[in-house]
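A.B. asks: fold the following, please.
(chains A and B)
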Amino acid sequence: LLVLVPSPLPRLRAVLQRCWGRLERGLWPGIFGGQSPPWGPALAVQGPALVPQGINDAGESSAEAPSLLESVVWMAAPKHRRTIEVNRCRRRNPTKLIEIKRNIDVCPECGNLKQKHVLCGYCYAKVKEETRLIRMEIYKKEGRPFNAPAVETVVLYEGEKPTEKDEGKRIIERARRRPSWFVQN
Amino acid sequence: MRLSLAAAISHGRVYRRFGLSPRSRLDLLRNLVTALVRHERIETPWARADEMRGYAERLIDYAKRGDKDERAMRMADFWLTEKDLIHKLFKVLAPRFQPHPGSYTRLLQIPNRDGLDRAKMAVIELKGNPLPPLVRPRRDSDKTLLNQLLKGYRQDAQRAAAP
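C.D. replies: Sure thing, here's the model as predicted:
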């Protein structure tokens, strides 16, 4: 029984050989679902020698060695040493240097440096500390957590009385003089 | 027309990705909104503050509709995880912002965080809060050209009006 196959590559040839071997030995029983294989008598054509074992072993062993070399990928590698002048040009190119910042100004309140679009760090730290103390007073007044009142809040310092605008608001007392930067509204 | 999108192109996407999943992102923003309504001024990474700002302002718009509105109450119930803040939202913040048409929050950048990540931080606060002000409004000095011209114009007007 001869089977016509197209001219195969070495790997395809090996795969086909294995399949054919399994079919012949009966190691693939389920392939046709119990019926007889569909091939009948076929035309014998002079194709490349596929079935004879002796020629194939020789062909495979000779095909193995070139395929190892063919599967190697060629990588790029530098041919010459880059001189220090060329290296300096590349390393000191303006795009690689750190950009100088021109958006640094002096804070008018405290005189520290600040970026133009950012709040002054010193002034913010001052305000943050004061809000932390105010929040501690609020927590003491509220007593327990999750006790936020449904009224506005106003912060009064030493010696200040609530005005008529502050009616109905919860008053938080702070035991110090009013800071100059916290203007009372 | 391209019906599929190549990976790693995000043209036109407005929402940032936070947390572990979209649900986690919403939970994160919800915690931030709750904190803002409670403390009226919070300090977080800038991206989170920016993302949260829109949600907070829309929540206040819903609160302005009033206590009785069913949708407003459902929104407040979802967005504020601490339920005593729902009272604060409807009774304090909604009347406070009734005259304003929009923009109830102020977002300002702070120096980068001190930790290893040096994250871009921002402070977001509700306008009209009782805490000390972050930025003092500075008036231009009297010696600028525009101010001198305006001063001259004012004096001329007074001299014309006086006799």
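A.B. asks: list the contacts of the helix or strand B:Gly152 falls within.
C.D. replies: For B:Gly152, the host element (DSSP states H and E) is helix B:145-161. Contact with helix B:145-161 is made by B:Asp140, B:Ser141, B:Asp142, as judged by Cβ atoms under 8 Å, 6 or more residues apart in numbering or on different chains. Every residue, glycine included, has its C-beta placed from N, CA and C.
A.B. asks: looking at this, the second one is in a helix?
C.D. replies: No. B:Ser141 sits outside any helix when classified using DSSP: H, G, I helix; E, B strand; the rest coil, being coil.
A.B. asks: do you know how far it is from chain A?
C.D. replies: 10 Å (Cβ to the nearest Cβ, to the nearest Å).
A.B. asks: contact partners for that residue?
C.D. replies: Taking Cβ under 8 Å, 6+ apart, one finds B:Asn147 in contact with B:Ser141.
A.B. asks: need the residues of chain A near chain B, please.
C.D. replies: Within chain A, the residues that sit near chain B (Cβ under 8 Å from any Cβ of the partner chain) are A:108-109, A:115, A:117-119, A:121, A:124, A:127-128, A:130-131, A:134-135, A:146-155, A:172, A:179, A:181-183.
A.B. asks: return the members of those classed as buried.
C.D. replies: Buried members of these, counted by 16 or more other Cβ atoms under 10 Å in any protein chain shown: A:109, A:118-119, A:121, A:124, A:127, A:130-131, A:134, A:148-149, A:152-155, A:172, A:182.
A.B. asks: mind checking which of those are in helices?
C.D. replies: Those of these mapping onto helices are A:Gly121, A:Tyr124, A:Val127, A:Glu130, A:Thr131, A:Ile134, per DSSP state H.
A.B. asks: which of the residues you listed sit farthest apart?
C.D. replies: Distance extremes for those: the farthest pair is A:Gly121 and A:Ile134 at 20.3 Å, using Cβ to Cβ.
A.B. asks: and the residue nearest to A:Arg178 when sequence neighbours are not counted, how many neighbours?
C.D. replies: Among residues not flanking A:Arg178 along the chain, A:Tyr157 sits closest, at 4.0 Å (Cβ to Cβ, 6 or more residues apart in numbering or on different chains). Look at A:Tyr157: counted by other Cβ atoms under 10 Å in any protein chain shown, it has 14 neighbours.
A.B. asks: can you check B:Tyr62 too?
C.D. replies: Based on other Cβ under 10 Å, the number of other residues close to B:Tyr62 is 20.
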